[in-house]
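**Q** model this:
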Amino acid sequence: MKLEDESIDMASQANLESQLAVAYEKRVATLESERRHLAAKDDLSKLETRLVKWLVATQLAVIGFLLSTQLALAALVIHLMR
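**A** Predicted structure coming up:
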C-alpha cells in the first residue's frame with residue numbers, strides 16, 4: 001500500500017512538474033513576443049528630446065500670441081483715449 005501511494009505521489013508530482021514546465025514555456029514565449037513592442041532607452045531618450053522641443057516651441061508660441069494680443073489691446077486703448 002505504501003509503495004502504491006509513493007508511486008502515485010511521484011506520478012502526480014511528475015505530472016505537476018510537466019504542467020509547470022509547459023506553463024513556464026508559455027509565459028516565456030508571451031514575454032518574448034511582448035518584448036518586441038517595448039521601447040528601448042534610446043527610443044525614450046529621443047522621444048523626451050522631441051517632447052521638450054515641442055513644449056518649448058508651444059510655450060514660445062503662446063507667449064508670442066499673448067504679447068501681441070496685449071500690444072494690440074494697449075494700442076486700441078490708447079487710440080480710444082485720444
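
**Q** from residue 48, how far out is residue 41?
**A** Per Cβ to Cβ, to the nearest Å, residue 41 is found 10 Å from residue 48. The way it works is simple: take the backbone N, C-alpha and C, and place the C-beta from them, glycine included.

**Q** of these two, which one has the most company?
**A** residue 48 (10 against 7; other Cβ atoms under 10 Å).

**Q** tell me the SS of that one?
**A** What DSSP: H, G, I helix; E, B strand; the rest coil gives for residue 48 is helix.

**Q** test for you: state the pLDDT assigned to it.
**A** Turning to residue 48, the model gives it a pLDDT of 96.

**Q** again, but for residue 1
**A** 51.

**Q** what do you get for residue 35?
**A** At residue 35, the pLDDT value in this model is 82.

**Q** again with the one 10 residues further on
**A** Reading off the per-residue confidence, residue 45 sits at a pLDDT of 95.

**Q** where's it relative to residue 21, distance?
**A** The value you get for residue 45 to residue 21, if Cβ to Cβ is used, is 39 Å.

**Q** go on, residue 72?
**A** Applying Cβ to Cβ, the value for residue 72 to residue 21 is 74 Å.

**Q** pLDDT-wise, which helix or strand of the protein ranks last?
**A** helix 2-35 (a mean of 80; mean pLDDT, DSSP states H and E).

**Q** and that helix, what's buried?
**A** Across helix 2-35, burial judged by 16 or more other Cβ atoms under 10 Å covers no residue at all.

**Q** quick check, distance from it to the centre of its chain.
**A** On the basis of Cα atoms, centre = their mean, to the nearest Å, the separation between the geometric centre of helix 2-35 and that of its chain is 33 Å.

**Q** how about stretch 19-30 as PDB, C-alpha atoms only?
**A** Output of stretch 19-30 as PDB, limited to C-alpha atoms (Å, rounded to 0.1, in the frame of the first residue of the first chain):
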ATOM      1  CA  GLN A  19       2.400  21.200 -16.300                       C
ATOM      2  CA  LEU A  20       4.600  23.800 -14.600                       C
ATOM      3  CA  ALA A  21       7.200  23.400 -17.400                       C
ATOM      4  CA  VAL A  22       4.500  24.000 -20.000                       C
ATOM      5  CA  ALA A  23       3.100  27.000 -18.200                       C
ATOM      6  CA  TYR A  24       6.600  28.500 -17.800                       C
ATOM      7  CA  GLU A  25       7.300  27.900 -21.500                       C
ATOM      8  CA  LYS A  26       4.100  29.700 -22.500                       C
ATOM      9  CA  ARG A  27       4.900  32.600 -20.200                       C
ATOM     10  CA  VAL A  28       8.400  32.900 -21.600                       C
ATOM     11  CA  ALA A  29       7.000  32.900 -25.100                       C
ATOM     12  CA  THR A  30       4.500  35.500 -24.200                       C
END
